[in-house]
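Novice: sequence and predicted structure, then a few things I'm wondering about:
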Amino acid sequence: MATLMMMIFIIPQSFLWVKLPFLGVVLVWMLVEGTRDRWKIRSGAFLPYYLIFGFLTVTWCIVGLLRVNPEIAIVEALRVYVVYMAIFCALALYVSNLDYQAHADRIVIAGAFGIGLVALYALLDHIFQLGWLPQSIKDDMYLQVGLHRGYVQMNNVNIGMLTFIVPYLLSRVLLGERDERRKWLFLGLAVAVVSAVLASQRVVLVLLVITPLLAFALTVLAGHARQRHLRRFVKLYTYPLVIAGAGSLLVMFGGFDFLDGFSGRVASAFTTDPDAPRPQQHTALMAAFADSYFWGSGFGGLTSVTRSDERPWTFELTYSRLLFNAGLLGMSILLLFFCTYLFLTLRKIRRSADASIPMSLLTGFLTVLIAAASNPYLSSFDFLFALSVIPLILNTRDRPQPARTPQAGALQ
C-alpha cells in the first residue's frame, strides 16, 4: 500500500501500465485480507459518503444524456467519479483498519524527496543534456523545463501533488510534537518548497502562505489548539515576512534585477489577466450556466470556449465547470454534503488523543480543493485520493482523549 501511495505522489497521471497491474495486486490482497475479517466499518458515515457521491454523479450523467451531450464525456465521468471512487472506497476502508498514522509521515516525506529528485533531474537534464532517461519516459511524465529571467518553470506531472504534500508537512511542523521525526518533517518540507519554487508553481506558493492559518483555524475548531501552536503560527508568518521584506529591499536598492522575474511570477498568482485562458473559460462557463442555471448542463456540457479540441468538455476551472454541469441544485447539494462531512470529521478529531496527523491530512484535503479551483486535478485517478481523506479519518479506530484538567498551555 505504501508503494502504491508513492506511485500516486511521484508518477501521477502517468505510467498507467505500471500502476494498473500493481493496483490489481493490491486489491486482490485486500480482498484476501477482507475474508479474514480484517475490514471493519466503524463509522456509519463511511459508506454513505461514497454512495451519495456516486448517486450525484449518476444523476448528472442522466442530465447529460437528456441534453444529448457527448457520450464519451458521460462515460468518462462515470469512470472517474463512480469506478475510481469505488476503488478508493476499498482502499480507504483497508487503510483505516491499519495503523497508518505510524507510517503517514514517512510516505509523505518520501513523496517529497521523490518529487524533488525528479525536479532536480529535469533541471540538470535541461542545462547539461544528461540524457539518462528515454524520451518516451520524459514525455509520459511531461518533463518540460523553461529557464526565464529570475525563475524556472517546470511542468512535471507530479508537481501538482505538492498541493497536498507541502500543506501536510507544514501542518505537521505547526501541530506536531518535538520528537525525532520533526527534523525529517522540516527536511521534507524544505525539499518540497524548493521543488515548488524551481517549478514556479504559483498555486503551491499561495498555499504555503495560507496553510498555517488554515491548519490553526481547524485546530481551534477541533478543540486541540495549544499555546505552542499559537507561537509556532506566529513564527511561521514572521520569518517569511522578514525574508520577503529583505528580498524586496534587495530588488529595489541592491541592484539584484534577476529577482524581478521571480517576484513578478509570484505576484501574478494574485492578479488576473482577462485575456488569459482561464478567465476566458470562466466567462464562457458562466454564460452557459446562465442558460440552464437550476439543473445545469449535465456532465459533458460544451461551451463557446474549449480547452482541448479532442476533449472539449474539459476545463481547468473545476468549480466553474461543476456549476455549469450541475447547476445551482447540484452545487448546493455538494456544498451541503462536504460541509456536513467536514463537521463530522472535526467532531471525530475532537475526541482523538493525537490529532496532529488527522488535522494535517484534513488540511491537505482542503488545500487540494482550493488548488482544484484553477486546476483540473480532481478529474484524474491519482488526485482523487484526497477526496478519501475524510472517510479515512472517520473510519479510523478511536483513540480516546484522556481526561485532563485545563492547563495554562491551552487556548481557552
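Specialist: Perfect, I can see it now.

Novice: how about low-confidence regions in this structure?
Specialist: 37, 148-151, 239-275, 399-412 (pLDDT under 70).

Novice: tell me how far the residue nearest the centre of it lies from L162.
Specialist: Nearest to the geometric centre of the chain sits V368, at 2.8 Å (CA atoms, centre = their mean). Remark: distance between V368 and L162 (CB to CB, to the nearest Å) = 10 Å. Any C-beta I mention is one placed from the backbone N, CA and C, and that applies to glycine too.

Novice: go on, F337?
Specialist: Per CB to CB, F337 is found 27 Å from L162.

Novice: gap between the helix ranked longest in the chain and the chain center?
Specialist: The longest helix of the chain (DSSP state H) is helix 318-350. Averaging C-alpha positions (CA atoms, centre = their mean, to the nearest Å) puts helix 318-350 16 Å from its chain's average.

Novice: ok, stretch 350-360 next?
Specialist: On CA atoms, centre = their mean, the centre of stretch 350-360 falls 19 Å from the chain's centre.

Novice: re earlier: out of F337 and L162, which sits in the more crowded spot?
Specialist: Shown here are F337 and L162; by other CB atoms under 10 Å, L162 has more neighbours (30 against 15).

Novice: element containing the more buried one?
Specialist: helix 162-175 (DSSP states H and E).

Novice: next SSE downstream of that helix?
Specialist: helix 182-198.

Novice: elements contacting that next one?
Specialist: Helix 182-198 sits against helix 104-128, helix 162-175, helix 202-221, with contacts defined as 3 or more CB pairs under 8 Å, 6 or more residues apart in numbering; DSSP states H and E.

Novice: 6 Å instead, please
Specialist: Applying 3 or more CB pairs under 6 Å, 6 or more residues apart in numbering; DSSP states H and E, we find helix 182-198 packed against helix 104-128, helix 162-175.

Novice: ok so, going back, can you point out the buried residues in the longest helix of the chain?
Specialist: 318-327, 330-331, 334, 338, 341-342, 344-346, 348-349 (16 or more other CB atoms under 10 Å).

Novice: cool, stretch 40-58 as well?
Specialist: 43, 45-46, 49-50, 52-54, 56-57.

Novice: equivalent analysis for stretch 125-142, please.
Specialist: 125-126, 133, 138, 140-141.

Novice: again, but for stretch 179-191
Specialist: Neighbour-count burial for stretch 179-191, counted by 16+ other CB under 10 Å, picks out 184-185, 188-189, 191.

Novice: return the distance of the residue nearest to G176 when sequence neighbours are not counted relative to T219.
Specialist: With sequence-adjacent residues excluded and distances taken as CB to CB, 6 or more residues apart in numbering, G176 is closest to S356, at 4.7 Å. S356 sits 9 Å away from T219, taking CB to CB as the criterion.

Novice: name the residue in those two with the higher neighbour count.
Specialist: T219 (26 against 22).

Novice: cheers, nothing more for now.
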